[in-house]
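Enquirer: sharing a model that was predicted from the sequence below.
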Amino acid sequence: MRNHVVRAPSALVAVLIAFASPFVTGIVGVASARPVGPVVRAAVLDAPLVAPLNAPRPAEPVTALLVRVPHAMAVRAHPSGSANVVGTMPSGSKYYDVPITAWVEEVSPDGRWGRVEIPYVWPRRHGWIPLRGLARRTTAVEVHADLSERRITVSKFGRVLSGMPAAIGSAGSPTPPGEYFVTDRISFSGGYLGTFAFGISGIQPRLPPGWSGGNQLAIHGTNAPSSIGTPASAGCLRVSERSLDRLKPLLRLGTPVIVVP
């Protein structure tokens, strides 16, 4: 598994998806659900520690660079304004138009360009956007979804904070592996998505026959807790309500979500 990171101070770099039943607003896996409440946003602050004078210098913490996308931006094949355009970085999320905060997986040697996942496209594509003028922040939190183990793990500075079982896509609509980031934080009143969903930047290219909902991937709750830990969804990752409570304070907009086979 690749781990695209840039270490401080120059530029700093570091799921998932669960479908259930048709969802009129677009996140795969909900029927007749309605969001209740605003998108949640918060910053993660980490205070430095004071070390003894002769103590070994600690390794630099691995963090991810996140940038706010103020308007639709051309994504280029190489870190150059003359490179071919390979896609568009949107300024808002696919179904809720939440302002996009994108994970920059790599920064060019001159610091002027960032390599990003292009949201909501298939086949998955990466490219480069100019970083000048973009609001920046960092996070040390990263999400890993291991499909073979049917498990989600959240780490901070590379140290595991929490792990939980998850339902994954069924054989006919498997969860697509990839490197994504959180684009939505949406509350619900219950139903197929449970009480909360973290929309991510990927889509399901193999929807079940007759599927009439959206195709965005997400990590969300469920009203079928017995399905957790099984290949039962249309592609999203389902977790328990208790797990959602652990994820809410950790997964911010832009948080990296890496799904591996």
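Expert: Arrived safely.
Enquirer: and G169, how far from S155?
Expert: Here G169 is placed at a distance of 23 Å from S155 (CB to CB, to the nearest Å). All C-beta atoms are positioned from the backbone trio N, CA, C, and that covers glycine.
Enquirer: between those two, which one's more packed in?
Expert: Ranked by neighbour count (other CB atoms under 10 Å), G169 and S155 place G169 first, with 25 against 18.
Enquirer: show me where the stretch 151-261 of the chain has strands.
Expert: Secondary structure of the stretch 151-261 of the chain (DSSP state E, counting those that start in this stretch): strands at 151-156, 159-165, 168-169, 178-187, 196-203, 216-220, 231-233, 237-238, 256-260.
Enquirer: what lies in contact with the last one?
Expert: The set of residues external to strand 256-260 that reach it, using CB atoms under 8 Å, 6 or more residues apart in numbering, is 1, 14-17, 64, 103, 139, 141-148, 175-182, 198, 200, 202, 219.
Enquirer: let's see 7 Å
Expert: 1, 14-16, 64, 103, 142-147, 175, 177-182, 200 (CB atoms under 7 Å, 6 or more residues apart in numbering).
Enquirer: which of those are buried? Put it as a PyMOL command.
Expert: In PyMOL, this line selects whichever of the contacts of strand 256-260 come out buried by 16 or more other CB atoms under 10 Å:
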select buried, resi 14+15+16+64+103+142+143+144+145+146+147+175+177+178+179+180+181+182+200
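Enquirer: not counting its neighbours along the chain, what's nearest the residue nearest in space to the middle of the chain?
Expert: The centroid of the chain falls nearest to F181 when counting by CA atoms, centre = their mean (2.4 Å). Nearest residue to F181, sequence neighbours excluded (CB to CB, 6 or more residues apart in numbering): W103, at 3.9 Å.
Enquirer: contacting residues around A77?
Expert: Contacts of A77 (CB under 7 Å, 6+ apart): A83, N84, V86, G127.
Enquirer: are any of those residues buried, and which?
Expert: For the contacts of A77, a burial check counting by 16+ other CB under 10 Å picks out V86, G127.
Enquirer: now render the contacts of A77 as a markdown table, adding secondary structure.
Expert: Formatted as a markdown table, the contacts of A77 follow (DSSP: H, G, I helix; E, B strand; the rest coil):
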| residue | secondary structure |
| --- | --- |
| A83 | coil |
| N84 | coil |
| V86 | strand |
| G127 | strand |
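Enquirer: of all the contacts of A77, which comes closest to P99?
Expert: Using CB to CB, G127 is the member of the contacts of A77 that lies nearest P99, at 20.0 Å.
Enquirer: rewinding a little: right, and the strands of the stretch 151-261 of the chain - which one's nearest W113?
Expert: With distances scored as CB to CB, the stretch of these nearest to W113 is strand 178-187 (17.6 Å).
Enquirer: could you give the mean pLDDT of that closest one?
Expert: Regarding strand 178-187, the rounded mean pLDDT is 97.
Enquirer: and for stretch 253-261?
Expert: Here the average pLDDT along stretch 253-261 is 98.
Enquirer: tell me the buried residues in it?
Expert: Result for stretch 253-261 [16+ other CB under 10 Å]: buried residues L253, G254, T255, P256, V257, I258, V259.
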